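Participant: fold the following.
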Amino acid sequence: MNIIIKSKNSLRASCPICLSILFSSMLFIISCNNPFAPGLAEDGSEHSILGDQKTVEGVFQNFRYSYIFKDTVVYGNLLHNDFTFVYRDYDRGVDVSWGRDEDMLSTNGLFQGTQNLDLIWNDIVLEIGDSTLKDISRSFNLTVMFSASDVIRVQGRASFRLKRNNTQEIWRIIQWRDESNY
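Facilitator: Numbering: from 1, shown residues only. You can find the predicted model right below:
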């Protein structure tokens with residue numbers, strides 16, 4: 001068996017080539033997009049996964065995205081600081097409500113406690129208001145998968161009040177009333 005040992009001088013002579021290849025490789029890797037963390041389209045085109053929250057449809061697109069990808073940051077950006085969630089407790093015969101902080105905790109618990117969520121928004125049933133305040137009623141289909149053998153499908157309707165200070169700002173949900181029977 002022959003072992004070739006290079007001298008320090010021969011290693012130094014080959015180092016500039018190695019360093020050049022290493023440096024070029026590092027620049028190539030750094031300049032590549034991470035396929036596991038895709039960015040948003042910078043031109044606002046239809047290639048963006050997130051919707052433009054300056055439009056009503058963009059609000060609902062982002063709502064769906066937040067549920068499917070369990071993204072509390074996107075979900076939180078939908079809610080106004082004075083947000084209120086309201087649902088009917090049919091057993092007690094009363095409306096129950098909570099604010100933004102409680103809703104964020106509840107939604108985070110939903111996101112963490114499920115394997116998969118799928119939300120489909122159906123046609124808007126009612127839309128009234130102006131350029132800074134809108135009331136919207138819309139039906140939805142929600143599939144909640146806790147496990148492969150524990151899946152809940154909910155069909156219902158939700159009413160939303162969206163608010164913004166002017167047309168240059170994004171819409172935020174100030175009230176969400178769940179009108180489903182579940």
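Participant: tell me how many other residues surround residue 160.
Facilitator: Residue 160 has 23 neighbours, counted by other CB atoms under 10 Å. All C-beta atoms are positioned from the backbone trio N, CA, C, and that covers glycine.
Participant: spatially nearest residue to the residue positioned nearest the centre of the chain (excluding sequence neighbours)?
Facilitator: In the chain, the C-alpha nearest the mean C-alpha coordinate belongs to residue 66, at 2.8 Å (CA atoms, centre = their mean). Leaving aside its sequence neighbours, residue 66 sits nearest to residue 75 (CB to CB, 6 or more residues apart in numbering; 3.8 Å).
Participant: so the residue nearest to the centre of the chain makes contact with residue 79?
Facilitator: No. Using CB atoms under 8 Å as the test, residue 66 is too far from residue 79 to be in contact (10.3 Å).
Participant: give me the helices and strands touching the helix or strand encompassing residue 128, please.
Facilitator: Using DSSP states H and E, residue 128 sits within strand 116-129. Here strand 116-129 touches helix 56-68, strand 133-147, strand 150-163, going by 3 or more CB pairs under 8 Å, 6 or more residues apart in numbering; DSSP states H and E.
Participant: in the shortest one, what's buried?
Facilitator: Of the residues in helix 56-68, those buried by neighbour count under the rule 16 or more other CB atoms under 10 Å are 56, 58-67.
Participant: that one vs strand 133-147, what angle?
Facilitator: Between helix 56-68 and strand 133-147, the angle comes out at 20 degrees (axes from the mean of the first three to the mean of the last three CA atoms, to 10 degrees).
Participant: following the chain onward from helix 56-68, which element is next?
Facilitator: With DSSP H and E setting the assignment, the helix or strand that follows helix 56-68 is helix 72-78.
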